[in-house]
Every structure is written in C-alpha cells, then in structure tokens.
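Undergrad: Fold the following.
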Amino acid sequence: MLTIRRGPRTTQLLTRDAVLLFATRFIRLFAYGSLSVVLVFYLTGLGLSTPQTGVLFTLALLGDTVISLYLTTRADRIGRRRMLIVGALLMVAAGVTFSIAHSFLLLTIAATIGVISPSGNEVGPFLSIEQAALSTVVPERTRTQVFAWYTLAGSFATALGALSTGIITHLLQKASIAPVHGYRTIVILYAFLGVLLLFFFDRLTPAAEVSMHESPNISAGLAKFFGVGHSQVVVAKLSGLFALDAFGGGFVVQSFAAYWFYLRFGLTPASLGVIFFVANLISGVSALLASRLASRFGLVRTMVFTHLPSNVLLILIPLMPNLSLAISVLLLRFSISQMDVPTRQSYTMAIVPPQERSAAAGITGISRTTGAALAPVLAGILYARPALISAPFFIAGTLKIIYDLLFYVNFITTRPPEEAR
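TA: Here you go, the predicted model:
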C-alpha cells in the first residue's frame, strides 16, 4: 500500500507560469459555467428547436475536435504559448458571432469553427496544453496535488459562473428586459473573457515550453502527424476508453441537465444557477481529497472506485419522486463524480514521455470531445419527447459504469513512476 508523504504546501510550488495557468483556467471555466446555464434557453429563444440545438452542440464539439487535434499535437513543436493564444482568439470569435447572429446556419458555423462549451466543461486546446505546461513547471512528486488544486480552481470558477448567470439574468428580467436579451448579455461576457485569456496567455515564459533536449524527435507517418511515438499504444487505449466515458456524459451535459430540471420541475435559470454553483463547488473541493486518496491507494484505484458510485447516483436522479430528493442525489453525485479528473490527468502525464505530453493530452482530450460530441444530437431528440426526458440519465450512467470496469482491467498493472518506486 502506498503511503502519504507530506511535502511543501501547494502555493509554495507554483512558479509564475503556474500561477498564470491557474488564472487562465479560472477565467475560462467561469466563462464556460456562465454560458452553459443559459445556452439552451438562449438558442431556443432565438427560434431554434431542441433537436436543432442538439445538432448545433454536436457540430460545435466535432469542430472543436478537429481544431484541437491540430493545435495540441503541434504545441510541443511550434510552441505551447502560441497555440493557447490561437485557442483564445477562436473563443472570442465564437462569442462575438453568437451575440449578433440569429440564423441556425451562422450559429452552426461559429460553433463549429470557434470554441463554445455547451457542457460547462473544458473544450478547445487549452486543458491539454496547460496540463503539459504544468507538468513541466512543477515537481513530479507534487504533480497530482497541483492538478487537484487546478481542478478545484476550475470547478469553483464553473460554479461561480453558473451562480453569476442566475443572478444576472434574474436582475435583468426583473428590470423588464426580455429573457433572450438577458441571455445575450452572458454571451457577450463570454467573448470578453476570451479577450482576457489572450492577455494572460501572452505573458507565459519559455519555462512552460518543452526544453531543447526534450524536443519531440518523431520520424514520420502518423506518429509524426499526431506527435506521439513511444506512447502510441498507451494513448490509443486511453483514447478509446475516454471516448466511451465522454459519450455517456454527453447525454447529460450541464446545459441539458439544467434543461431537464426545467422540464421536470419548472425551475428558472436563477434557481438553476444556484443549484449548479453548489454542485460544481462541491465537486471541486472533492478533488483535493482525490490527491490524498491517490497517494495512498494509487491513481487507478482512486479513479475507478470514486467514479463507479457516482454513475450509480446518476441513474438514480430521474427516479427521485420530488425536487428535493433529485437535487440531493445530484449534489451527492457531484461530491464524488469529479474525483477522477485530477487523477486521470496526472496519470496520463505520468505514463507518457515529457516530449509527448501535449500531444498525448490533446489526443486523449479530443477523444473525450469526440465521444461527447456524438451524444447531444441523440439527447436533443430524447429531450424533445416528454416521455423520454429521463432516458439520457439511464444511458449515461450505464455507459460510464462500463468505462470504469474496462479502465480498471486495462490499466491496474500500469503504474506511474512515483508509484513504482
């Protein structure tokens, strides 16, 4: 059994670049959390049907997959800072277009080419490149601990964004401003926060890049295109499993989960903002416990044995007979559902060479995006039929349980360097 080693406090381990990366994580997830609560309401307010919204979400995630694949697999060779700046520009472009466009065609083009998060979770090249950069600027022995705080920063930002959206839209509607115009205010805020990201990414130093002696040296073929060599087999396995997990999660992305509470219990965006503020805050705090569990039981066991029960709880949410119980089960699920996030990120960074980290994180992240992209179009069809609005929860929970079991079987014997010593 692994033992817990007490080390320096996390704040003492953060360099200037690490602080900047924490700041960009917070800003970005605040933007995603703000937008996710009202995005379905905004699009349907513009005249889109629920199935059209599902199609737009799917195309947004598929477009993001292609762009992210290109940027992340070249970040270690062309420059991590440069690729992050490009991603921020695409986020700004999407936010501006969504704030002024009304037609399904223009919105779909903007969602496909730009960076829009319908789920409140990470999209774009940012997370993958930031993970690689963080792994470069923090010690190996504290990587999981730093990733846990990094996850907490994102969860708190998502929660605060959801709460802020609820308050803003409530105040605007109280001032007799049409709901769709109130939602548009959040979209404009999203674009502004993209500009703020540009400011911070531009200040990263060369320390966040791959050092010259670790630069990728990949000969040719697909390995060269994707930026991975030694870790091809491991990355392929991880990608397949992460895609399955994300496909299941795509049925209950935060925008659709919020919409389900509206359909089932008639909750307003203001109430939903409070609920998802609390939910995301709880999930972020739980990430800190994940790092302690991982130091004792190992990354793989921590990932699987916290994720499994959360997926059982996901299936139970629509079975609750009233709003209070449904919210209670939702919050209980959030208390453990994200504990696999910092451990999964740390594990991926640990079992691939340093010069392939951006590419590996990018490919596995894109596999998650691809899996998640396929689900909303199906979920949109289900949510459009009153008798089937709870089906996405059952589908999601079942698929994610299958993922947990397969991951454990495939990776329980593959230990990261810090656990093998």
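
Undergrad: from here on, contacts and neighbour counts on C-alpha atoms
TA: Will do.

Undergrad: Convert the C-alpha atoms of whichever strand or helix holds P342 to PDB, please.
TA: Using DSSP states H and E, P342 falls within helix 340-350. As requested, the backbone C-alpha atoms of helix 340-350 are provided in PDB (Å, rounded to 0.1, in the frame of the first residue of the first chain):
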ATOM      1  CA  ASP A 340     -11.200  11.100 -11.100                       C
ATOM      2  CA  VAL A 341     -10.400  14.200 -13.000                       C
ATOM      3  CA  PRO A 342      -7.100  15.300 -11.400                       C
ATOM      4  CA  THR A 343      -6.000  11.700 -11.000                       C
ATOM      5  CA  ARG A 344      -6.800  10.900 -14.700                       C
ATOM      6  CA  GLN A 345      -4.900  14.000 -15.900                       C
ATOM      7  CA  SER A 346      -1.900  13.300 -13.600                       C
ATOM      8  CA  TYR A 347      -1.900   9.600 -14.700                       C
ATOM      9  CA  THR A 348      -1.900  10.500 -18.400                       C
ATOM     10  CA  MET A 349       1.000  12.900 -17.900                       C
ATOM     11  CA  ALA A 350       2.900  10.300 -15.800                       C
END
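
Undergrad: Just list what it packs against, helices and strands only.
TA: Judged by 3 or more Cα pairs under 8 Å, 6 or more residues apart in numbering; DSSP states H and E, the packing partners of helix 340-350 are helix 126-137, helix 143-174, helix 269-297, helix 299-316, helix 357-383.

Undergrad: let's go with 6 Å and repeat that
TA: Contacts defined by 3 or more Cα pairs under 6 Å, 6 or more residues apart in numbering; DSSP states H and E place helix 340-350 against helix 143-174.

Undergrad: what's the angle from the very next helix or strand once past the helix it packs on to helix 143-174?
TA: Toward the C-terminus, helix 143-174 is succeeded by helix 179-201 as the next helix or strand (DSSP H and E). Angle of helix 179-201 versus helix 143-174, following axes from the mean of the first three to the mean of the last three Cα atoms, to 10 degrees, is 150 degrees.

Undergrad: on that earlier part again, mind listing what's buried in the helix holding P342?
TA: Neighbour counts over helix 340-350 (16 or more other Cα atoms under 10 Å) mark 340-350 as buried.

Undergrad: So which of these is the closest to L204?
TA: Comparing these against L204 with Cα to Cα places M349 closest, at 20.3 Å.

Undergrad: ok, then the element right after the least confident helix or strand in the chain by mean pLDDT?
TA: The helix or strand of the chain with the poorest confidence is helix 221-226; it has a mean of 52 (mean pLDDT, DSSP states H and E). Later in the chain than helix 221-226, the nearest helix or strand by DSSP H and E is helix 232-249.

Undergrad: ok, and for that next one, which residues are buried?
TA: Going by neighbour count (16+ other Cα under 10 Å), the buried part of helix 232-249 is 232, 235, 238-249.

Undergrad: can those residues go into JSON lines with extra columns for distance to L29 and pLDDT?
TA: Below are those laid out as JSON lines (distance: Cα to Cα, whole Å; pLDDT from 0 to 100):
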{"residue": "Q232", "distance to L29": "30", "pLDDT": "81"}
{"residue": "V235", "distance to L29": "26", "pLDDT": "87"}
{"residue": "L238", "distance to L29": "24", "pLDDT": "93"}
{"residue": "S239", "distance to L29": "23", "pLDDT": "91"}
{"residue": "G240", "distance to L29": "25", "pLDDT": "93"}
{"residue": "L241", "distance to L29": "24", "pLDDT": "95"}
{"residue": "F242", "distance to L29": "21", "pLDDT": "93"}
{"residue": "A243", "distance to L29": "21", "pLDDT": "93"}
{"residue": "L244", "distance to L29": "23", "pLDDT": "95"}
{"residue": "D245", "distance to L29": "21", "pLDDT": "94"}
{"residue": "A246", "distance to L29": "18", "pLDDT": "90"}
{"residue": "F247", "distance to L29": "21", "pLDDT": "93"}
{"residue": "G248", "distance to L29": "21", "pLDDT": "93"}
{"residue": "G249", "distance to L29": "18", "pLDDT": "90"}
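
Undergrad: With respect to T15, which of the residues you listed is nearest?
TA: Closest approach to T15 among the buried residues of helix 232-249 (Cα to Cα): V235, at 28.7 Å.

Undergrad: Near V180, how many other residues are there?
TA: Neighbours of V180 under the rule other Cα atoms under 10 Å: 17.

Undergrad: again, but for R203
TA: Using other Cα under 10 Å, R203 is surrounded by 12 other residues.

Undergrad: what about it, which SS state?
TA: Classification of R203 by DSSP: H, G, I helix; E, B strand; the rest coil places it in coil.

Undergrad: farthest residue from the center of this protein?
TA: The C-alpha centroid of the chain is most remote from S176, which lies 34.3 Å away (Cα atoms, centre = their mean).

Undergrad: Show the contacting residues for it.
TA: Going by Cα atoms under 6 Å, 6 or more residues apart in numbering, S176 touches no other residue.

Undergrad: pLDDT at it, what is it?
TA: Per-residue pLDDT puts S176 at 84.

Undergrad: Report the separation between it and S255.
TA: The gap separating S176 from S255 is 24 Å, by Cα to Cα, to the nearest Å.
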